[in-house]
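1. Here is the input, now give the coordinates:
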Amino acid sequence: MKIEILGTGCAKCKTLYENTRAAVQEKGIEAEIVKVEDIPSIMKHGVISTPALVVDGQVKFSGKVASIAEIIGML
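-> Next up, the predicted model:
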């Protein structure tokens with residue numbers, strides 16, 4: 001599973017990254033978690049509002065910091 005955190009490096013983006021790491025660990029799954037801070041790469045996903053969470057190429061959340069429980073629910 002590949003998980004991408006889209007954002008320019010703001011505090012909310014960092015929080016989403018940490019929440020995602022915690023959710024993956026809590027769920028006990030294998031996942032590659034990648035930060036994507038490059039604006040053209042973010043735009044390729046059609047995301048206008050960051051932070052965003054992308055799982056295997058599909059945008060799951062955009063424009064908010066998802067909680068650990070929300071992330072676990074969609075994994």
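
2. can we go C-alpha only for contacts and neighbour counts from here?
-> Will do.

3. my guess is Ile33 meets Ile5, correct?
-> Yes: assessed by CA atoms under 8 Å, Ile33 is found in contact with Ile5 at 7.5 Å.

4. who touches stretch 53-70?
-> 1-6, 12-13, 15-16, 19-20, 22-23, 45, 47, 49-52, 74 (CA atoms under 8 Å, 6 or more residues apart in numbering).

5. at 6 Å what do you get?
-> Lys2, Ile3, Glu4, Ile5, Leu16, Asn19, Ala23, Ser49, Thr50, Pro51, Ala52 (CA atoms under 6 Å, 6 or more residues apart in numbering).

6. looking at the sheet around the second one, what are its partners?
-> Beta-bridge partners recorded for Ile3 (DSSP bridges): Ile33, Val55.

7. Longest helix in the chain, please.
-> Counting residues, the longest helix found in the chain (DSSP state H) is helix 11-27.

8. any idea how far Ala31 is from Leu6?
-> Counting by CA to CA, to the nearest Å, the gap between Leu6 and Ala31 amounts to 16 Å.

9. Give me the more crowded residue out of these two.
-> Comparing Leu6 with Ala31 by other CA atoms under 10 Å, the one with more neighbours is Leu6, at 30 against 14.

10. List the contacts of the more buried one.
-> Leu6 makes contact with Val36, Ile42, Pro51, Ala52 under the criterion CA under 6 Å, 6+ apart.

11. Quick check on the last one: phi, psi?
-> If I follow you right, that is Ala52. Ala52 has phi and psi values of phi -140, psi 150 when expressed as degrees, to the nearest 10.

12. and the nearest residue to Ala52 once chain neighbours are set aside, how many neighbours does it have?
-> Counting by CA to CA, 6 or more residues apart in numbering, Ser62 is the residue found nearest to Ala52 once chain neighbours are left out, at 4.1 Å. Neighbourhood size, Ser62 [other CA under 10 Å]: 18.
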